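# 3D model of this:
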Amino acid sequence: MISKETLFAMSLFPYLGFLWFLTRSGKTPRLALIGFYMTLVFVAITIPAGIYAKIHYGKQLADVDWLHGSAESFLTLSNILVVLGFRQALIAKKPPVQEESN
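Below is the predicted model:
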């Protein structure tokens with residue numbers, strides 16, 4: 001049986017492929033792309049936080065609230081950047097509203 005840690009590590013490769021294609025397309029809004037890359041920062045923070053929780057507290061990361069919340073804040077930040085990036089792109093694409101003249 002595959003462990004959660006192995007599955008977690010294996011999921012990184014499809015995500016890296018996703019980022020590669022997204023970056024190469026040149027069509028992804030810059031701020032959204034930064035948000036998608038921030039997800040890697042979230043992963044990079046979560047792994048040592050999980051190890052620290054296990055060694056220092058003897059618990060899973062999800063059971064150490066202050067540590068889990070701190071790590072999850074990076075995921076929240078990445079999600080906000082993705083949304084704002086696509087929002088900016090939609091606003092930029094929207095044709096200007098023309099006022100009717102009588």
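
# run the chain-centre distance for the helix ranked longest in the chain.
Secondary structure of the chain per DSSP state H: the longest helix is helix 65-93. How far helix 65-93 lies from its chain's middle: 7 Å, per Cα atoms, centre = their mean, to the nearest Å.

# avg pLDDT for that helix?
In this model, helix 65-93 carries a mean pLDDT of 95.

# tell me the centre residue of the protein?
Using Cα atoms, centre = their mean, the residue of the chain that lies closest to the mean C-alpha position is Thr39, 2.9 Å off.

# spatially nearest residue to that one (excluding sequence neighbours)?
Ser78 (4.8 Å; Cβ to Cβ, 6 or more residues apart in numbering). The way it works is simple: take the backbone N, C-alpha and C, and place the C-beta from them, glycine included.

# contact partners for that neighbour?
35-39, 41-42 (Cβ atoms under 8 Å, 6 or more residues apart in numbering).

# list only buried entries from the residues you listed.
Neighbour counting by 16 or more other Cβ atoms under 10 Å classes 35-36, 38-39, 42 among these as buried.

# and of those, the nearest to Pro48?
Each of the buried ones among the contacts of Ser78 was scored against Pro48 by Cβ to Cβ, and Phe42 proved nearest at 12.0 Å.

# the closest one contacts Leu75, correct?
Yes - using Cβ atoms under 8 Å, Phe42 is in contact with Leu75, at 4.5 Å.

# if I look at Lys59, how far off is Tyr52?
The spacing between Lys59 and Tyr52, counted by Cβ to Cβ, to the nearest Å, is 10 Å.

# where does Asn102 land on pLDDT?
61.

# so Glu100, which of the three states?
Three-state assignment for Glu100 (DSSP: H, G, I helix; E, B strand; the rest coil): coil.
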